[in-house]
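**Q** starting from these lines, generate the structure:
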Amino acid sequence: MRTTRTAQATVMALAAVALGACGSTQHASASHTHETASVAYAGSLEYLNEHVIGPDFARATGDVYEGRGGGSFGLAHDIIAGEISPNVFESIGGAPIAELEPRFTRWYVTVASSPIVLAYNPHTSFAPRLAAIAAGRAPFTELFSLLRTPGFLLGRTNPATDPQGQAFYEMVELATVRYHLPASTTSAVLGSLENPSQVYSETSLEARLESGQLDAASAFRSQAIQLHLPYIALPAAIDFGDPADAATYATASLTLPDGSVVHGHALTLAVTTLGRHDQGAAMAFVDYVIDGAGREALAAGGYTLLRPTVTGTGVPHVVRTAVARADG
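**A** Purely as a prediction, here's the structure:
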């Protein structure tokens, strides 16, 4: 009941922010008849998109909103395979969108970022020690000893399909070097890359944590804030949240099951349109996120807003205009 009430309070607070900004968000809504914005989004956006941004976008524009969450790379692979056909894609980082180029799009706009944290269940028997680390009453490095404790239930997402899963794995690697932890720390804490006792879908991970099935789980700070979960903030050099630390993040890497090697990068939120159907609604949604109430909702939901940055070519006029407005 506590979780339900806090979630309802969060929805009301975020919706109030979004509705308060509606007057500046109808830029792209008057130039087309009502259509459907079909949005494939990184699973970490599920709460915000389904409870705040999606419904408020529909009210502000008259368009229909439909959403589907998942790991960003997994969604990109589903789009390539023709299993889903969204007309908007919100991805963690530009790499999943780049996999769709040039067949589905040639551009994306980076709009925000969020560091990873370790969220924990306040009712777990480990909560007092986790809270002490979060509050700075215990050394941060004790976290990695705690995560190795037999019986500690840690959850994370799949590095093969999700950028958050990659970053969490690489975070432990960076911490091992930076804090001179035992060389076995990564394998001892995480096990194999796709350890079935730790890896869950991004859209189910926090629900498992809230229900007590896990003691702690990887999360974006934005998710922890929206769901009122206590969390341990990580030092900036290992939290993958600041593009200015990109060179440090890139020193960590992992090899995926298909043999490809990925290096660490800042966890930014990127958006683009796809395909040809209902492009009026697709453009309106992207406009809403870049320079409308959606942008305000991202900030209220714990994201760090970035100066919108375009990557690629062939950017539609509506999107270029929204970027210019946000930049001005």
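**Q** where along the stretch 151-300 of the chain do the strands fall?
**A** According to DSSP state E, counting those that start in this stretch, the stretch 151-300 of the chain carries its strands in the segments 154-155, 216-220, 231-233, 253-255, 261-263, 268-273.
**Q** for the residue nearest the centre of the chain, which residues are in contact?
**A** Against the mean C-alpha coordinate of the chain, by Cα atoms, centre = their mean, the closest residue is Ser44 at 4.1 Å. Residues in contact with Ser44 (Cβ atoms under 8 Å, 6 or more residues apart in numbering) are Ile92, Ser114, Gln164, Glu202, Ala219, Phe220, Ser222, Gln223. In this view, the C-beta of every residue, glycine as well, is placed from N, C-alpha and C.
**Q** same thing with Asp242?
**A** Asp242 makes contact with Ser113, Pro115, Ala236, Ala266, according to Cβ under 8 Å, 6+ apart.
**Q** give me phi/psi at the first one?
**A** Main-chain dihedrals, Ser113, degrees, to the nearest 10: phi -150, psi 160.
**Q** give me the low-pLDDT residue ranges for the stretch 1-150 of the chain?
**A** By pLDDT under 70, the weakly predicted segments of the stretch 1-150 of the chain are 1-32.
**Q** what about the strands in it?
**A** For the stretch 1-150 of the chain, applying DSSP E, counting those that start in this stretch gives strands covering 36-42, 64-70, 88-92, 107-113, 116-120.
**Q** and the ones you listed as a markdown table, adding distance to Val286?
**A** Below are these laid out as a markdown table (distance: least, Cβ to Cβ, whole Å):
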| stretch | distance to Val286 |
| --- | --- |
| strand 36-42 | 9 |
| strand 64-70 | 13 |
| strand 88-92 | 6 |
| strand 107-113 | 7 |
| strand 116-120 | 25 |
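**Q** export the ones you listed to JSON lines and tack on distance to Gly275 and mean neighbour count?
**A** Listed next are the strands of the stretch 1-150 of the chain as JSON lines, based on distance: least, Cβ to Cβ, whole Å; neighbours: other Cβ atoms under 10 Å:
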{"stretch": "strand 36-42", "distance to Gly275": "9", "mean neighbour count": "25"}
{"stretch": "strand 64-70", "distance to Gly275": "14", "mean neighbour count": "18"}
{"stretch": "strand 88-92", "distance to Gly275": "9", "mean neighbour count": "28"}
{"stretch": "strand 107-113", "distance to Gly275": "14", "mean neighbour count": "23"}
{"stretch": "strand 116-120", "distance to Gly275": "31", "mean neighbour count": "26"}
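**Q** quick one, which of those gets closest to Ala324.
**A** strand 107-113 (11.5 Å; Cβ to Cβ).
**Q** wait, isn't Glu173 in contact with Ala250?
**A** No: counting by Cβ atoms under 8 Å, Glu173 sits too far from Ala250 to count as a contact (11.9 Å).
**Q** compare these two (neighbour count), which wins?
**A** In this view Glu173 and Ala250 are compared by other Cβ atoms under 10 Å, and Glu173 has more residues nearby, 18 against 13.
**Q** so which residues of the stretch 51-200 of the chain form helices?
**A** Using DSSP state H, counting those that start in this stretch, the helices of the stretch 51-200 of the chain run over residues 54-61, 72-80, 95-98, 127-134, 142-147, 163-178, 185-190.
**Q** can I get the third one as PDB, trimmed to CA atoms?
**A** This file holds the C-alpha atoms of helix 95-98, laid out as PDB (Å, rounded to 0.1, in the frame of the first residue of the first chain):
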ATOM      1  CA  ALA A  95      24.500   3.000 -30.500                       C
ATOM      2  CA  PRO A  96      21.100   1.200 -30.600                       C
ATOM      3  CA  ILE A  97      19.800   3.800 -33.000                       C
ATOM      4  CA  ALA A  98      22.900   3.600 -35.100                       C
END
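**Q** tell me what that helix is packed against?
**A** Where contact means 3 or more Cβ pairs under 8 Å, 6 or more residues apart in numbering; DSSP states H and E, helix 95-98 is packed against helix 72-80, strand 88-92.
**Q** state the distance from Asp258 to Val117.
**A** Asp258 sits 29 Å away from Val117, going by Cβ to Cβ, to the nearest Å.
**Q** state the distance from the residue nearest to the centre of the chain to Ser211.
**A** Using Cβ to Cβ, Ser44 is found at 18 Å from Ser211.
**Q** and Thr141, by the same measure?
**A** To Ser211, Thr141 is 29 Å away according to Cβ to Cβ.
**Q** tell me which of those two has more neighbours.
**A** In this view Thr141 and Ser211 are compared by other Cβ under 10 Å, and Thr141 has more residues nearby, 15 against 10.
**Q** quick check, pLDDT for the residue nearest to the more buried one when sequence neighbours are not counted.
**A** The shortest distance from Thr141 to any non-neighbouring residue, by Cβ to Cβ, 6 or more residues apart in numbering, is to Tyr179 (5.0 Å). With respect to pLDDT, Tyr179 scores 97.
**Q** run a quick neighbour tally on Tyr179.
**A** By other Cβ under 10 Å, the residues close to Tyr179 number 15.
**Q** dump the residue contacts of it.
**A** Contacts for Tyr179 (Cβ under 8 Å, 6+ apart) come out as Phe140, Thr141, Phe144.
**Q** having no further points to raise, I will conclude here.
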